[in-house]
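Asker: Model the structure of this input:
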Amino acid sequence: NTCFEERLITCGPSYVKWTQWLFTRLHERGMAYKAWGEVNWCPSCETVLANEQVIDGHCERCACAVERRNLNQWYFRITDYRERLIAGLDRIDMPDPTKRMQRAWLAELRDWCVSRQRTWGCPIPVEGETDTLDGFVDSSFYYLRYLTDSETEFLPAGCYQPVDLYVGGAEHACMHLIYTRFIHMALFDMGIVPQEEPFRKVIHQGVIRKDGAKMSKSKGNAVSPDDYDPDELRLYRTHPRWAAL
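Answerer: Numbering: from 1, shown residues only. So this is what the prediction gives:
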């Protein structure tokens, strides 16, 4: 069953608290560090972008040409987990193309740059730091926070349940899915969760396109179903044309 009443607001204080807790735990273990390095910079969004957020040399959000800059940024040592992340793919029921993409990604692996130069996002909990954390840090553990409303423990004893089935877009194969697996392994090493891998089975839903481009809020090309009669939508959705897609 789907319970739409339960939701997490990752920008809320009660969630930001745990994102900062996670950063602090990684920092204490030497897994979060700051260093100079060449990064992707979007002059329009005025922030660093992950490699996966750069499409043909342009920002996936605003389509501005991306520059390469040398900046002092925060990183997570995901390369320390490279071999375990590759080996773990043999234990997950995941589409083969996604496994191939993850193995290829894990083979330039370099460490995960988590600094973002934005006025929004989770502040990095280091005195004097003005950068915020990559949104993928927030989304790397949300499924665990659904299990508890505790304000004093990240995951109280006895609360843990594995994710039997994860349904997510294939476009996140080399971003969210790898970052989530890395964070889960780190939590396993801290004794917070009882197993290395977060998901038993992963499948991907389809993508809706409009005028040849993926439909998304960030691109501003989404079509609201509220603008159409429900019966029209049902008829369109059940048309034989859809069966061939």
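Asker: tell me the pLDDT at the residue at minimal distance from the centre of the chain?
Answerer: Centroid-nearest residue in the chain: His176, 3.0 Å away (criterion: C-alpha atoms, centre = their mean). His176 is assigned a predicted lDDT (pLDDT) of 91.
Asker: can you check the one 5 residues further on too?
Answerer: At Arg181, the predicted lDDT confidence score is 97.
Asker: Please verify my assumption that Trp120 contacts Thr132.
Answerer: Yes. Applying C-beta atoms under 8 Å as the test, Trp120 and Thr132 come out as touching, 7.0 Å apart. (Glycine included, C-beta is placed from N, CA and C.)
Asker: of those two, who's got more company?
Answerer: In this view Trp120 and Thr132 are compared by other C-beta atoms under 10 Å, and Thr132 has more residues nearby, 21 against 8.
Asker: Quick check: end-to-end length of stretch 109-116?
Answerer: Start to finish, the residues bounding stretch 109-116 are 20 Å apart (C-alpha to C-alpha, to the nearest Å).
Asker: where does Arg69 land on pLDDT?
Answerer: pLDDT for Arg69: 94.
Asker: do you know how far it is from Val137?
Answerer: Counting by C-beta to C-beta, to the nearest Å, the separation of Arg69 from Val137 is 21 Å.
Asker: same question, Ser115
Answerer: 11 Å.
Asker: Neighbour count: the two, which is higher?
Answerer: Ranked by neighbour count (other C-beta under 10 Å), Ser115 and Val137 place Val137 first, with 24 against 21.
Asker: I'd say that one and Gln20 touch.
Answerer: No. Counting by C-beta under 8 Å, Val137 stays clear of Gln20, with 9.7 Å between them.
Asker: Now do the domain split for the chain, please.
Answerer: 13-206, 213-244 (the TED database).
Asker: State the pLDDT value of Trp36.
Answerer: 96.
Asker: what does the host helix or strand of it contact?
Answerer: Using DSSP states H and E, Trp36 sits in strand 32-42. Contact partners of strand 32-42, identified using C-beta atoms under 8 Å, 6 or more residues apart in numbering, comprise 23, 26-27, 47-51, 53-54, 59, 61-62, 64, 66-77, 113-114.
Asker: That one pairs with which strands?
Answerer: If you go by DSSP bridges, strand 32-42 pairs up with strand 47-49 (antiparallel), strand 67-76 (antiparallel).
Asker: Do a quick rundown of the strands in the chain.
Answerer: 32-42, 47-49, 54-55, 58-59, 67-76, 112-113, 115-116, 132-133, 166-167, 202-203, 209-210, 213-214 (DSSP state E).
Asker: I'd like those as TSV, with distance to Tyr236 appended.
Answerer: Formatted as TSV, the strands of the chain follow (distance: least, C-beta to C-beta, whole Å):
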stretch	distance to Tyr236
strand 32-42	36
strand 47-49	36
strand 54-55	29
strand 58-59	32
strand 67-76	43
strand 112-113	41
strand 115-116	39
strand 132-133	40
strand 166-167	23
strand 202-203	24
strand 209-210	14
strand 213-214	19
